[in-house]
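Asks: what would the 3D arrangement of this be:
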Amino acid sequence: MARVPQIQYLNTDLDLVAPVSLEPLIAHFEAARISPLRPTLGEDGNWYVTLETDEPHEEPDRNIAALLSAIESTTGAARECWDACAKREFNVGYDCGDEPWSFNQGLSNATLRRMADCGATIRITLYPFREVTLVHSNTENNP
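Replies: This next block holds a predicted model:
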C-alpha cells in the first residue's frame, strides 16, 4: 500500500545577509548548537548564511525561540555582525501532503514580540510532495 503524503513541519532556518563577514556571529551560533549551512561571500560583496538548530523541534515556535535565545545573547563582534545584517529572516518550512485533513501551528505573541524586537522577519516555505527514489549503485560494475 502506498504511503499517503503527510503535512509536516520540517524546520526553521535563519537566513542572514550582511555587508560584513559573519564569522564572529557564526562562531557565537555554533557555541549555542546552531549550525551554519553554506556561509558564502556573494558576488555582490555581501555575506550569506543559513543557520539551523542542531536539536530538532516539532513546532516552529519552540525552534524560533531557541534561535532567538542565541540572538539575544550576542555581544561584542557577534552583536555588531547581527546589527549589520540587511536581512534577518526566519524561514519556516513544511512538507505538504494529503493528510491530515487540517493542520495548523502558530507562533505565540511572546515569540512574535521577540522577533520584532531583534529586527527579524518571517517567511513560510511549503514544499510539494515528492516521491523519494532510492538510487542503487551496482558495485559489480563500479570498481
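
Asks: distance from the helix ranked longest in the chain to the middle of the chain?
Replies: Looking across the chain with DSSP state H, the single longest helix is helix 60-72. The chain centroid and the centroid of helix 60-72 are separated by 11 Å under C-alpha atoms, centre = their mean, to the nearest Å.

Asks: how about it: buried residues?
Replies: For helix 60-72, burial by neighbour count (16 or more other C-beta atoms under 10 Å) applies to 60-61, 63-68, 70-71. Where you see a C-beta, it was placed from the backbone N, CA and C, and this is true even at glycine.

Asks: which residues are in contact with that helix?
Replies: 9, 11-12, 14, 28-29, 32, 34, 51, 53, 55, 57, 82, 90, 92, 105-108, 111, 114-115, 118, 120 (C-beta atoms under 8 Å, 6 or more residues apart in numbering).

Asks: buried among these? Need that as a selection in PyMOL.
Replies: Those of the contacts of helix 60-72 that count as buried under 16+ other C-beta under 10 Å are selected in PyMOL with:
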select buried, resi 9+12+14+28+29+32+34+51+53+57+82+90+92+107+111+114+115+120
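
Asks: out of the contacts of helix 60-72, list just those in strands.
Replies: 9, 11-12, 14, 34, 51, 53, 90, 92 (DSSP state E).

Asks: distance to E99 and pLDDT added to those residues, as CSV?
Replies: Formatted as CSV, these follow (distance: C-beta to C-beta, whole Å; pLDDT from 0 to 100):
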residue, distance to E99, pLDDT
Y9, 14, 94
N11, 20, 96
T12, 23, 97
L14, 29, 98
I34, 32, 98
L51, 31, 98
T53, 27, 97
F90, 26, 98
V92, 20, 97
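
Asks: neighbours of Y127, how many?
Replies: Residues contacting Y127 under the criterion other C-beta atoms under 10 Å number 12.

Asks: so it makes contact with D95?
Replies: Yes - look at Y127 against D95 with C-beta atoms under 8 Å: they come within range, at 5.2 Å.

Asks: quick check: neighbours shared by the two?
Replies: Joint contacts of Y127 and D95 (C-beta under 8 Å, 6+ apart) are L10.
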